[in-house]
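> model the structure of this input:
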Amino acid sequence: MPAPAPTVSVVIPVKDDADVLRRCLAALADQQVRPDEIVVVDNGSTDDSADVAGAAGARVVTEPEAGIPAASARGFDEARCEIVARLDADSVPPPGWIAHIAATFADDPELTAITGPATFIDGPVRWRRPLALAYLGSYFAAVTPALGHVPLFGSNFAARRSAWLEVRDRVHRHDPLMHDDMDLSVHLGPRRRIRYDHRLTMGVSMRALSGDRMLRLRRGMHSIVSHWPAEFPWYRWYRRAVRPRSRPRRPIGRPSR
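Predicted coordinates for the structure are as follows:
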């Protein structure tokens, strides 16, 4: 018999994101398989983000400490389901996003986390695809060698809640300069399995390209080197090489002997 689908929580940190949050929550309501809960973490909004979330049926929690690391960690703490999916308020998940996450974890009991690509949903149409490829391609190309495995992409990933509970006291939730997705990637890997799945797609806003590029670069470097020397790349690659092999999976539907 196929394994039952796990329950799925969706965590969305927000700060003054009412307009885009409304669009995100509408996309979650239109999922082929709806999430079992949506946790919206209000991180000091001055607009009606919390009201928008509540009206859509989300559970709203408040995180007074400023910064995405604190807000994201609070959302993971509050999540109650077996799988915790993470996206941003300006993300627009395709209709099969939750269904794909649930099926992937049901099919692979040894999988810790899954992440995937994204496409831009605004800005000049002709530049959406190439800019998204350049933006995410550079992220994965730069961070994978430093971690010894593929990193999580903060606008499109899901992880087992049991794994979060194992590392929640080690993440840098009180460091606003930290990229929360890179930090969580450090602590989940390299001995746990994190998979990149090109089928797990996400629509994101081109506003990710705006802002201070030097600050973004500094945050990226900070998110990696803050874990050194214990997490030097060659240590992580070695630990990945010698990690215990996952137990072989029984073919679905075939009785065990």
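
> pop out the phi and psi values for residue 14.
phi -140, psi 150 (degrees, to the nearest 10).

> actually, residue 119.
Here residue 119 shows phi and psi, under degrees, to the nearest 10, equal to phi -130, psi 150.

> give me the residues contacting whichever strand or helix holds residue 184.
Assigned by DSSP states H and E, residue 184 belongs to helix 180-188. Residues outside helix 180-188 that contact it (Cβ atoms under 8 Å, 6 or more residues apart in numbering): 68-69, 72-73, 86, 112-113, 143, 147, 149, 151-154, 157, 159, 163, 167, 170-173, 175, 194, 220, 223-224, 227, 231. In this view, the C-beta of every residue, glycine as well, is placed from N, C-alpha and C.

> quick one: contacts for residue 143?
Counted by Cβ under 8 Å, 6+ apart, residue 143 has contacts 151, 182, 185, 220, 224.

> show the buried residues in those residues.
By neighbour count, with 16 or more other Cβ atoms under 10 Å, the contacts of residue 143 hold 151, 182, 185, 220, 224 as buried.

> please narrow the contacts of helix 180-188 to those residing in strands.
86, 112, 113, 157, 159, 194 (DSSP state E).

> where in this structure is the helix or strand with the lowest mean pLDDT?
helix 213-225 (a mean of 90; mean pLDDT, DSSP states H and E).

> coming back round to it: of the contacts of residue 143, closest to residue 122?
Taking Cβ to Cβ as the measure, residue 122 lies nearest residue 220 of the contacts of residue 143, at 23.6 Å.

> ok, now which ones touch the closest one?
142, 143, 179, 182.

> hmm, try it at 10 Å
139, 142, 143, 146, 178, 179, 182 (Cβ atoms under 10 Å, 6 or more residues apart in numbering).

> residue 133 versus the nearest residue to the second one once chain neighbours are set aside, what's the distance?
Computed as Cβ to Cβ, 6 or more residues apart in numbering, the closest residue to residue 142 that is not its neighbour in sequence is residue 220, at 7.5 Å. Residue 220 sits at a distance of 18 Å from residue 133 (criterion: Cβ to Cβ, to the nearest Å).

> beta partners for the residue nearest the centre of the chain?
In the chain, the centroid-proximal residue (Cα atoms, centre = their mean) is residue 157; its distance is 3.2 Å. As for beta bridges, residue 157 partners with residue 86, residue 115 under DSSP bridges.

> wait, it touches residue 86, no?
Yes. Counting by Cβ atoms under 10 Å, residue 157 touches residue 86, with 5.4 Å between them.
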